[in-house]
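> Sharing a sequence plus its predicted fold:
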Amino acid sequence: MLSMVEVAAKLDDIYKTGKLAHAELDERALDALKEFPSDGALSVLGQFLDSNLEHVSNKSAYLCGVMKTYRQKSRAGVQGAPALSPPVQVKGPDEDKIKLILARTGYTLDVTTAGLVEVIIYSSPDDKKKNRGFCFLEYESHKAASLAKRRLGTGRIKVWGCDIIVDWADPQEEPDEVTMSKVKVLYVRNLTQDITEEALKDEFERFGAVERVKKIKDYAFVHFDDRDSAVKAMQELDGKELGGARLEVSLAKPPSDKKKKEEILRARERRMMQMMHGRGGYVPYCRT
């Protein structure tokens, strides 16, 4: 009788070949492998090891595919179908031929979405190597964004091993010039955790009287007594470092209609609940 110890040893052998790293296997693939009998798991891992993985980007999904095929063939064998034959080595596509086709058609080798104009990612103020778990993808047209949303939102595409949720970015209403000319509140973002409201008040009061400061996570609102002081502080402190992070300072946009904002939030929550179905991960938002 084979044991799971032998399965673990086989998996370790695969890691040692360099064809697969432990980090490339997600919990779904590992849990599915544990459900197999030991001999079946060893057979699946053997097929996986013999496969050409040169052009495989998602090895967890590929392993799940091998397991699914094994199950289907096993069921067919139980029902009187021919016994399983040894796995056939399937040669991957010829890379040189693919490059010739791409050069002739004008496409690139990257698997991507068309019409992408800009990618906006915000890093964590406390650790620049980490992002905040979401990004904005800006496309040249609504049609291009819609096609990208449809393609990226299938649930089959991962970003650095993470499931992604794709939704439309909420449109931002730009206040008119007359409204903005009366603003005396600054929006300050990219704040580290150790920056307190008192520290912000001390920093901004150098440019005029500050009524109050409200910090929320990594951003804050600084309320000045008069607009001139707010504008001067914005001009002087935007881009300056505070607590090891570079400040981004701008005039705060007046709050939009509360009822409309609540409707947008409710609609977003409904869309997220429909899409998630228990999935979580990196969140790109499409906008045009």
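Looks like it arrived, so ask away.
> Which parts of the stretch 1-150 of the chain are strands?
Applying DSSP state E, counting those that start in this stretch to the stretch 1-150 of the chain gives strands spanning 116-124, 127-139.
> Which stretch among these approaches Cys64 most closely?
strand 127-139 (25.1 Å; C-beta to C-beta). Bear in mind the C-beta positions are built from the backbone N, C-alpha and C, glycine included.
> Which elements pack onto the closest one?
strand 116-124, helix 142-152, strand 281-287 (3 or more C-beta pairs under 8 Å, 6 or more residues apart in numbering; DSSP states H and E).
> hmm, back to that, dump the strands of the stretch 1-150 of the chain to CSV, plus mean neighbour count, mean pLDDT and distance to Asp26.
Shown next, in CSV, are the strands of the stretch 1-150 of the chain (neighbours: other C-beta atoms under 10 Å; pLDDT from 0 to 100; distance: least, C-beta to C-beta, whole Å):
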stretch, mean neighbour count, mean pLDDT, distance to Asp26
strand 116-124, 13, 81, 23
strand 127-139, 14, 80, 17
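> Now distance to Ser146 too, for these, in TSV please.
Listed next are these as TSV, based on distance: least, C-beta to C-beta, whole Å:
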stretch	distance to Ser146
strand 116-124	13
strand 127-139	9
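> and Leu30, which of those strands is closest to it?
Smallest distance to Leu30 across these (C-beta to C-beta): 23.6 Å, for strand 127-139.
> Just checking: what are the partner strands of that closest one?
Sheet partners assigned to strand 127-139 using DSSP bridges are listed as strand 116-124 (antiparallel), strand 281-287 (parallel).
> Model confidence at the nearest residue to Arg206 once chain neighbours are set aside, what's the number?
Closest residue to Arg206 in three dimensions, ignoring its sequence neighbours and counting by C-beta to C-beta, 6 or more residues apart in numbering: Ala233, at 7.8 Å. On the pLDDT scale, Ala233 is placed at 95.
> How about the secondary structure of Ala233?
Three-state assignment for Ala233 (DSSP: H, G, I helix; E, B strand; the rest coil): helix.
> and it, how many residues sit next to it?
For Ala233, the count of nearby residues is 22 (other C-beta atoms under 10 Å).
> And for Asp126?
When neighbours are counted by other C-beta under 10 Å, Asp126 comes out with 14.
> any idea how far it lies from Lys240?
Distance of Asp126 to Lys240, given as C-beta to C-beta, to the nearest Å: 18 Å.
> Nearest approach to Tyr70 belongs to which of the helices and strands packed on strand 127-139?
If you check each of the helices and strands packed on strand 127-139 against Tyr70 by C-beta to C-beta, strand 281-287 wins as the nearest, at 27.7 Å.
> Quick check: Ala144 touching Gly115?
Yes. The pair Ala144 / Gly115 is scored as a contact, 3.0 Å apart, by C-beta atoms under 8 Å.
> which of these two has more neighbours?
Comparing Ala144 with Gly115 by other C-beta under 10 Å, the one with more neighbours is Ala144, at 19 against 16.
> residues contacting that one?
Contact analysis of Ala144 by C-beta atoms under 8 Å, 6 or more residues apart in numbering lists 113-116, 288.
> Relative to Gly153, which of those is nearest.
Here the nearest of those to Gly153, counting by C-beta to C-beta, is Thr113; it sits at 11.3 Å.
> give me the number of residues near the closest one?
By other C-beta under 10 Å, 16 other residues sit near Thr113.
> In contact with Gly115, which residues are there?
Taking C-beta under 8 Å, 6+ apart as the test, what Gly115 contacts is 139-141, 143-145, 147-148.
> picking up where we left off before, out of the strands of the stretch 1-150 of the chain, which is closest to Arg71?
Closest of the strands of the stretch 1-150 of the chain to Arg71 is strand 127-139, at 34.9 Å (criterion: C-beta to C-beta).
> so the closest one versus helix 142-152, what angle?
For strand 127-139 against helix 142-152, the angle between stretch directions is 120 degrees (axes from the mean of the first three to the mean of the last three C-alpha atoms, to 10 degrees).
> separation between Lys182 and Tyr62?
59 Å.
> So these two - more neighbours on which side?
More neighbours surround Tyr62 than the other of Lys182 and Tyr62, with 17 against 9 (other C-beta under 10 Å).
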